[in-house]
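Undergrad: heads up, no residue letters with this:
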């Protein structure tokens, strides 16, 4: 390996590592607030990429219909729960009105907009916004359907549910998108030459977008009231409830942020590699390795670990391309051994 090849591999590693960083941060965010190991995060990456590809092809993405179906199911569950609650009539009407807008009216409006885009060529910004409007709201809907009723269950139960949701979404992805992969148009076709190194504009877009989002998340958690409420919920769920913070709303917001991050990762990575309905799972696992390095608690360590995964994957592809996945996932073994030695095991009920 000479210096030029090393620089090229480093560029690829940083670009893919930036995506893994976002996935790792989303996993840490969801786990710290809801105790859910969000295995289905990779499906949002795949759904985002394939939805964007369908829009660029002038087709109506079937994910828009899935959004409506999930919304109706979530509203019916919300209706049943609200009618059983001891809240007053006014509060019930307000809750049902908000649920009707979030789970029924908004998805229906998004579906109609997506339907109107059939056969037309919209600007890339409009396609991007519509992709987020279709895929990102599925996060809180899935939380409402699968995880909110089990919010106080042990972590193992939530993990089993997460695996079930992942399998269900992967099957749905195969049905609505098919087995063929897709790529999207790059956000930038520019090419920059630095000596003998060629840097693509899309790689720069990925790195800049990831950096800006990390900065935005920092400001959100540090400067806004809802961000501080999420931090409080992550530190102590019971204490957050005692001071009036709604942990249910915190869980929905965490899933919304995670699904938005997953969708962003999908639209960023799709111009660089072909995305299939099941591609998100493997990328999500690599983000999970980074999250494990951070102990599913530390954002800086998770980000550093995910960047390390991207670089290790790039260098491994040069020396042993057939074993690069094995090398990357083997990284988790010494990390788990180290954590098991340094941190004593604590029973969940004693936390």
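TA: Sure thing, it's come through. Computed from a predicted model, the values in this text were never measured in an experiment. Numbers count the residues shown, from 1 in each chain.
Undergrad: Now the lengthiest helix in the chain: buried residues?
TA: Secondary structure of the chain per DSSP state H: the longest helix is helix 3-34. For helix 3-34, the neighbour count (16 or more other Cβ atoms under 10 Å) marks 7-34 as buried. All C-beta atoms are positioned from the backbone trio N, CA, C, and that covers glycine.
Undergrad: Who are the packing partners of the helix or strand following it?
TA: Downstream of helix 3-34, the first helix or strand assigned by DSSP states H and E is helix 41-56. If contacts are counted by 3 or more Cβ pairs under 8 Å, 6 or more residues apart in numbering; DSSP states H and E, helix 41-56 sits against helix 3-34, helix 62-84, helix 124-135, helix 138-142, helix 155-177, helix 247-269, helix 279-293.
Undergrad: Dump those to TSV, plus mean pLDDT and distance to residue 224.
TA: Output for these, formatted as TSV (pLDDT from 0 to 100; distance: least, Cβ to Cβ, whole Å):
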stretch	mean pLDDT	distance to residue 224
helix 3-34	88	15
helix 62-84	91	25
helix 124-135	93	20
helix 138-142	95	18
helix 155-177	94	27
helix 247-269	92	11
helix 279-293	88	23
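Undergrad: sorry, back to before: and the longest helix of the chain, what other elements does it pack with?
TA: Against helix 3-34 (3+ Cβ pairs under 8 Å, 6+ apart) you get helix 41-56, strand 197-200, helix 201-223, helix 225-235, helix 247-269, helix 279-293, helix 299-319.
Undergrad: what's the offset of stretch 208-216 from the middle of its chain?
TA: 15 Å (Cα atoms, centre = their mean, to the nearest Å).
Undergrad: and the angle for the longest helix of the chain with helix 247-269?
TA: Taking axes from the mean of the first three to the mean of the last three Cα atoms, to 10 degrees, one finds helix 3-34 and helix 247-269 inclined to each other by 160 degrees.
Undergrad: quick one: residue 4 and residue 195, what's the gap?
TA: 8 Å (Cβ to Cβ, to the nearest Å).
Undergrad: ugh, typo on my part, it should be residue 176
TA: 45 Å.
Undergrad: the more surrounded of the two?
TA: Legend: neighbour count by other Cβ atoms under 10 Å for residue 176 and residue 195, higher for residue 176 (18 against 8).
Undergrad: Now do the contacts for that one.
TA: 62-63, 65-66 (Cβ atoms under 8 Å, 6 or more residues apart in numbering).
Undergrad: so how far is residue 328 from residue 320?
TA: Counting by Cβ to Cβ, the gap from residue 320 to residue 328 is 11 Å.
Undergrad: Which of the two has more residues huddled nearby?
TA: Higher neighbour count among residue 320 and residue 328: residue 328, with 21 against 11, using other Cβ under 10 Å.
Undergrad: List the single closest residue to that one in space, sequence neighbours excluded.
TA: In space, and not counting its chain neighbours, residue 328 is closest to residue 313: 5.1 Å by Cβ to Cβ, 6 or more residues apart in numbering.
Undergrad: surely the one you found meets residue 287?
TA: No - shown here, residue 313 and residue 287 do not form a contact pair, counting by Cβ atoms under 8 Å, at 11.9 Å.
Undergrad: List the residues that contact the residue nearest in space to the middle of the chain.
TA: By Cα atoms, centre = their mean, the chain has its centre lying nearest to residue 262, at 2.8 Å. With contact set as Cβ under 8 Å, 6+ apart, residue 262 has these partners: 23, 26, 41-45, 48, 135, 139, 280, 284.
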